[in-house]
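*Asks:* heads up, no residue letters with this:
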């Protein structure tokens, strides 16, 4: 057997350079590049290997380890999970900085390959710099934090372990049902250890991303249930987009007259103005979808994990005999809410069901109802986006202006806080990849780093990053990386002086404002309720190399965004908004428990309202539909 003597790090990089993914005949690099920040735990191992043998793997030097994972995840999302970047860090804080990114990837079912440095396998110099000495054993390191947030975890103690570990890592990365973070911890001494690896280990390999097909029984059962439904509803999740199933969804709903509601990850599966698209559903849903969901006798959940925002904390579906069909590549997600499962790829399932389900005779009447709900919802969105005469615009106004300036193929990216909910309701997209919001993990700081990943995945599209001042202050350093890499972003910074989303939730729960606004500490009260702290975001962004503009009106905002189109590098446009103006809820409820006892009268009132609202919660399991009190 022919062999090649390489270090573990060199072998790893050569192996990754030869991996490809393929779906529907389209073949591409599985690992298109590496994000990294070097330290003593990876610079002489993986860093040396990337320099020597990584010519096929572009290296991007990030500014923050958490941010580089966000960039990698956003890239994978934009590429429909068919490519996954590798991220490498040193041991200690560099590694644990990536844990948040790992959790985000796994929650959102998006593939990313993480290779943090680790403590010495030979244990000779223990304890080494940044080692956590755990009383349960010397084999535990800080990297064990990755175990619960990874879909696959391994630690390489011997060179030959790569022969089994790396192929398994690639299998998980390319399995739509198991996509998430893959973590391979690399002890710093093992990275530099040499071994005679089989030459065949480095041969090109293509991983075929399958379109899973359900059993005939699953399809027949689903088709029969759909045929008998009088008021069906489809909930389109991210799996519809990752499967590239928009065309199949359009054909199915048009043929069978079934309205569609959107999740955060599934928004854009159909254009906003599609006659069967009712818009967002759930806690952040709109009036149209929530009204239809309330009385739906069948909910067909496609490519969604049915999180609490989508189900309005299990209050959205109130038909006494509602049934569920779960279409998902992941069997666990497909079975949620006691659903009849169709464990299959979204595109393949929709095409098959389109053949099996007979055309309903009730489509004309149903279409008339859907059209009326859509008309009312569109009017509500128009009213919220309409400019106000107040001296300070609302966040809804800003969203409307950015949406109008952006072209159909441009990408809007956001995450966390109140803006994703407003965007879900108010942003109008016609392109399946035009709306990119990370809300599975709702991670502040994702926005700019994620925007970089999107731009790297789609360099021909303009990318609009919408971010609040609180999230910007948490993690904005990838502005530098965007300039370093020549990846222009247009960042719209909406300044409302703090965490106003949580402040709004706090005050609606009966509590006074406390701890959420960006204010000076008042020497008299001893609390953070003094004047607002002024932050010059323009100077901050300029200091990082960006073009930056402060605007004070919607007209100035619109002009600055138009000007930004011709700028040659990342541009930040800042605008202050009304801190009190909020987009209302449209019969969507979110379960946030209120204190059962309190000296605050407002809290006691809110508790009574909470208990009343919670009565609408339902428990769904196979053959069981009940209220908690039952």
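*Replies:* Yes, it's here. Quick caveat: nothing in here was measured; it's all calculated off a predicted structure.
*Asks:* mind listing what's buried along stretch 505-520?
*Replies:* Residues 506-507, 509-511, 516-519 are the ones in stretch 505-520 that count as buried (16 or more other C-beta atoms under 10 Å). The C-beta positions use only the backbone N, C-alpha and C, and glycine is treated the same way.
*Asks:* what about the residue nearest to residue 33 when sequence neighbours are not counted, how many neighbours?
*Replies:* Spatial nearest neighbour of residue 33, chain neighbours left out: residue 58 (4.1 Å); criterion: C-beta to C-beta, 6 or more residues apart in numbering. Applying other C-beta atoms under 10 Å, we find 14 other residues in the vicinity of residue 58.
*Asks:* surely residue 438 and residue 105 touch.
*Replies:* No. Residue 438 lies out of contact with residue 105 (C-beta atoms under 8 Å); the separation is 10.0 Å.
*Asks:* so which of the two has more stuff around it?
*Replies:* Looking at residue 438 and residue 105 with other C-beta under 10 Å, you find the greater number of neighbours at residue 105, namely 32 against 25.
*Asks:* how about the contacts made by that one?
*Replies:* Residue 105 sits next to 69, 72-73, 76, 111-112, 180-181 when contact means C-beta atoms under 8 Å, 6 or more residues apart in numbering.
*Asks:* which stretches in the stretch 251-400 of the chain count as helices?
*Replies:* For the stretch 251-400 of the chain, the helices defined by DSSP state H, counting those that start in this stretch cover 287-294, 308-311, 331-334, 346-356, 363-385, 395-405.
*Asks:* contacting residues for residue 34?
*Replies:* Contacts of residue 34 (C-beta under 8 Å, 6+ apart): 50, 54, 57-60, 85-88.
*Asks:* select from the contacts of residue 105 every entry located in helices.
*Replies:* Of the contacts of residue 105, the ones assigned to helices by DSSP state H are 69, 72-73, 76.
*Asks:* so which of these is the most crowded?
*Replies:* residue 72 (35 neighbours).
*Asks:* what's the neighbour count on the closest residue to it other than its chain neighbours?
*Replies:* In space, and not counting its chain neighbours, residue 72 is closest to residue 85: 3.8 Å by C-beta to C-beta, 6+ apart. Residues lying near residue 85 (other C-beta under 10 Å) number 28.
*Asks:* what sits against residue 85?
*Replies:* Taking C-beta under 8 Å, 6+ apart, one finds 31-35, 71-72, 75-76, 112-113, 453 in contact with residue 85.
*Asks:* give the buried subset of these as a PyMOL selection command.
*Replies:* Of the contacts of residue 85, the buried ones can be selected in PyMOL as follows, counting by 16+ other C-beta under 10 Å:
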select buried, resi 31+32+33+34+35+71+72+75+76+112+113+453
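*Asks:* which stretches of the stretch 501-630 of the chain form strands?
*Replies:* Assigned by DSSP state E, counting those that start in this stretch, the strands in the stretch 501-630 of the chain fall at 547-551, 571-576, 619-621, 624-626.
*Asks:* which among the ones in helices among the contacts of residue 105 gets closest to residue 269?
*Replies:* In terms of C-beta to C-beta, no member of the ones in helices among the contacts of residue 105 lies closer to residue 269 than residue 76, at 18.1 Å.
*Asks:* ok, that closest one to residue 242 distance?
*Replies:* According to C-beta to C-beta, to the nearest Å, residue 76 and residue 242 sit 10 Å apart.
*Asks:* good, wrapping up.
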